[in-house]
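Novice: Pasting the sequence and the predicted model now:
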Amino acid sequence: MSQETRLILDLVLATLTMTSTENSKLPKDFLFGYATAAYQIEGSPSAGGRTPSIWDTFTHQAPSKKNIADGSSGDVATDSYNRWKEDIALVNSYGGNAYRFSLSWSRIIDFNGPTPKEGERDPVNQEGIKFYRGIIEELLKFGITPAITLFHWDLPQALQDRYGGWLNKRIVDDYVHYARVCFEAFGDVVKHWITQNEPWCISALGYGHGVFAPGRSSNRDRSAEGDSSTEPWIAGHHVILTHAYAVKLYRDKFQPTQGGVIGITLDSLWYIPYDDSPENVDAAQRALDTRLGWFADPIYKGHYPASLKAMLGDRLPEFTPEEVAVIKGSSDFFGLNTYTSNIVKAGGTNEFNGQVTTTFTRSDGIQLGTQAIVPWLQTYAPGFRSLLNYLRKTYNKPIYITENGFAAKGDVDQAPEQAVHDIDRVEYFREYTQALLEAVNVDGIDIRAYFAWSLLDNFEWADGYRTRFGVTYVDYETQKRYPKDSSKFLKQWFDEHGQ
Ligand code: GBH
């Protein structure tokens with residue numbers, strides 16, 4: 001190589017490196033951290049005056065029902081009710097400047113008493129307030145921003161018993177009461193609120209497939225009285241209303257002085273048409289409309305998607321004009337939980353994905369990505385970037401990625417010393433965080449937060465404990481925590497790209 005060529009090459013290389021570092025910064029004040037949910041980590045179901053939630057009931061139903069794969073429950077989980085200081089120290093040691101966690105409604109509101117009279121509400125449980133106040137203050141001591149999810153699926157059993165939980169509109173008043181208590185108790189220091197986590201799961205899995213609490217479904221013989229043809233859509237309708245009325249309260253009474261942001265977290269996959277035939281392209285859009293648009297369209301646009309209405313007819317409830325005024329625009333940001341992508345073909349009977357057929361097998365026979373231990377998850381970071389672009393184009397709000405993660409095959413049936421080398425999870429995060437940087441710097445999308453799911457291995461709902469999503473390995477015999485390689489990867493990533 002001549003001297004001249006070498007010089008030119010060096011120059012090209014230097015420019016490339018420069019653009020790549022310039023292009024690889026996250027926005028200022030970006031929230032980076034780890035996420036958990038109360039029922040998945042806390043344990044101690046009756047400590048401090050807490051009453052049962054529908055997940056306590058569901059996990060303790062007759063084992064013959066096989067609600068939980070390994071017959072387990074959240075009775076102990078990662079014992080975080082007692083070990084939360086250790087958990088927060090982990091967030092800190094993994095470079096997190098933010099921690100997303102959820103509050104247990106039945107710790108904060110006291111359901112031990114009788115059903116309140118008309119116009120009265122259940123009292124506040126000060127022990128619950130004290131418990132979460134302790135967590136929040138510990139986070140602040142470390143300079144970690146708390147991001148609170150008000151509801152991550154653990155509905156108080158009392159409300160299920162009184163009026164059928166999500167199936168009854170009375171839930172709106174109870175939810176708003178609970179939200180008010182939280183804003184009053186924590187809003188002086190908590191500036192990031194998430195009203196609901198993944199309404200699709202609450203509705204479709206709780207009332208349609210019946211695989212999540214309260215396990216209602218006429219399809220799966222889980223609860224004889226369940227009617228999956230109407231109930232999921234009613235439940236979802238009420239979830240939207242609880243979100244919207246809690247936001248209205250926050251905006252009217254708290255936001256002006258407390259100055260935080262409030263919004264909802266929806267879950268979605270990216271849907272890729274199997275080929276470019278019009279029916280498969282339509283099918284992919286219908287899948288998005290159902291998985292995401294079912295909730296996102298009312299909240300960001302003020303109405304359900306036309307394709308959902310066409311599919312369900314009169315089974316889709318309607319909002320009153322007064323409700324529409326409250327719902328439309330009721331989220332300050334777009335909270336996104338996303339894990340994977342699906343390939344979509346037209347044709348199918350599952351209404352909860354828009355009656356399409358989904359697969360991970362591409363038209364050339366190759367798998368989309370690396371298979372996780374759970375059937376529904378493969379690594380495919382380009383789909384993540386496409387989904388982010390779709391969200392900007394369709395809903396145009398600042399995006400908070402509130403969950404993203406992987407359950408590696410190598411985590412199970414291994415001693416902790418081996419399990420911590422979670423190669424597939426590191427690879428997953430490497431690809432997804434790179435896609436995130438490109439979405440920010442190349443596509444110019446306004447993304448303000450990224451939370452890895454999860455801080456710890458924990459109670460993975462119907463899967464029990466075998467499926468592990470943590471960047472920390474938990475030995476459930478000893479409750480000892482072991483940082484996995486993925487936690488080191490993520491820390492380094494944020495050290496390099498945060499500013
Ligand atoms: C999130 O849901 C949850 O917010 C979190 O609590 C959970 O631990 C995490 O993901 C990991 O799963 O019946 O075919 O849909 C993500 C959406 C919903 C994906 C339930 C897996 C079960 C299989 N999840 N779904 S299916």
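Specialist: Looks like it came in fine.

Novice: Could you use CA atoms for every contact and neighbour count after this?
Specialist: Fine.

Novice: distance of the residue positioned nearest the centre of the chain from residue 424?
Specialist: Nearest residue to the geometric centre of the chain (C-alpha atoms, centre = their mean): residue 337, 4.5 Å. Residue 337 is 20 Å from residue 424, where distance means C-alpha to C-alpha, to the nearest Å.

Novice: partners of the helix or strand where residue 147 lies in the sheet?
Specialist: Element membership for residue 147 (DSSP states H and E) is strand 145-149. Using DSSP bridges, the strands paired with strand 145-149 are strand 98-102 (parallel), strand 192-197 (parallel).

Novice: Give me the residues contacting that strand.
Specialist: With C-alpha atoms under 8 Å, 6 or more residues apart in numbering as the contact definition, strand 145-149 has outside contacts at 31, 97-103, 136, 139-140, 190-197.

Novice: okay, now residue 417: neighbour count?
Specialist: When neighbours are counted by other C-alpha atoms under 10 Å, residue 417 registers 11.

Novice: Count the neighbours of the residue of the chain found nearest the ligand for me.
Specialist: Nearest to the ligand, among the residues of the chain, is residue 460, at 5.1 Å (C-alpha to the nearest ligand atom). Using other C-alpha under 10 Å, residue 460 is surrounded by 20 other residues.

Novice: cool, residue 257 as well?
Specialist: By other C-alpha under 10 Å, 11 other residues sit near residue 257.

Novice: What helix or strand is it located in?
Specialist: Residue 257 is part of helix 255-258 when elements are defined by DSSP H and E.

Novice: What's the mean pLDDT across that helix?
Specialist: Average pLDDT, helix 255-258: 98.

Novice: ok, now stretch 264-271?
Specialist: Computed over stretch 264-271, the average pLDDT equals 98.

Novice: send the alpha carbons of that stretch over as PDB?
Specialist: Provided in PDB are the C-alpha atoms of stretch 264-271 (Å, rounded to 0.1, in the frame of the first residue of the first chain):
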ATOM      1  CA  ILE A 264     -49.600   4.200  29.800                       C
ATOM      2  CA  THR A 265     -47.400   1.200  28.800                       C
ATOM      3  CA  LEU A 266     -48.600  -1.000  25.900                       C
ATOM      4  CA  ASP A 267     -47.000  -4.100  24.700                       C
ATOM      5  CA  SER A 268     -46.500  -5.000  21.000                       C
ATOM      6  CA  LEU A 269     -44.500  -7.100  18.700                       C
ATOM      7  CA  TRP A 270     -43.400  -6.000  15.300                       C
ATOM      8  CA  TYR A 271     -45.400  -7.800  12.600                       C
END
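
Novice: Now do the contacts for the residue nearest to residue 411 when sequence neighbours are not counted.
Specialist: Once flanking residues are discounted, residue 411 sits nearest to residue 419: 4.9 Å by C-alpha to C-alpha, 6 or more residues apart in numbering. By C-alpha under 8 Å, 6+ apart, the residues touching residue 419 are 410, 411, 412, 473, 484.

Novice: burial count for the second one?
Specialist: Residue neighbour count, defined by other C-alpha under 10 Å, stands at 26 for residue 411.

Novice: so residue 467 is in which element?
Specialist: Counting by DSSP H and E, no helix or strand carries residue 467.

Novice: what number of residues lie near it?
Specialist: By other C-alpha under 10 Å, 22 other residues sit near residue 467.

Novice: Just to check, it is in contact with residue 410?
Specialist: No - counting by C-alpha atoms under 8 Å, residue 410 is not a contact partner of residue 467; they are 10.5 Å apart.

Novice: Close to the ligand: what parts of this structure are there?
Specialist: 201, 376, 460 (C-alpha under 6 Å from any ligand atom).

Novice: Counting only strands, which of those make the cut?
Specialist: If you go by DSSP state E, the residues of the chain next to the ligand have nothing in strands.

Novice: how about those in TSV, adding distance to residue 241 and pLDDT?
Specialist: Listed next are these as TSV, based on distance: C-alpha to C-alpha, whole Å; pLDDT from 0 to 100:
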residue	distance to residue 241	pLDDT
201	16	98
376	29	98
460	27	98
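
Novice: Strands of the stretch 151-300 of the chain, residue ranges please.
Specialist: Assigned by DSSP state E, counting those that start in this stretch, the stretch 151-300 of the chain shows strands spanning 192-197, 261-267, 270-273.

Novice: hmm, back to that, in strands only, show me the contacts of residue 419.
Specialist: When the contacts of residue 419 are checked against strands (DSSP E), the matches are residue 473.

Novice: ok, the contacts of residue 419 vs residue 80, which is closest?
Specialist: Nearest to residue 80, judged by C-alpha to C-alpha, of those is residue 473 at 14.0 Å.

Novice: now the closest one, nearest residue through space, not along the chain?
Specialist: In this structure, residue 473 finds its nearest non-sequential neighbour in residue 482, 4.9 Å apart by C-alpha to C-alpha, 6+ apart.

Novice: Next, count neighbours for the one you found.
Specialist: Residue 482: 17 neighbours (other C-alpha under 10 Å).

Novice: Assign it to helix, strand or coil.
Specialist: Recorded secondary structure, residue 482: strand (DSSP: H, G, I helix; E, B strand; the rest coil).

Novice: quick one: contacts for it?
Specialist: By C-alpha under 8 Å, 6+ apart, the contact list for residue 482 reads 416, 420, 472, 473, 474.

Novice: And the pLDDT at it?
Specialist: You'll see residue 482 listed with a pLDDT of 98.

Novice: try residue 21
Specialist: If you check residue 21, the pLDDT there is 55.

Novice: again with residue 275
Specialist: In this model, residue 275 is scored at 98, pLDDT.
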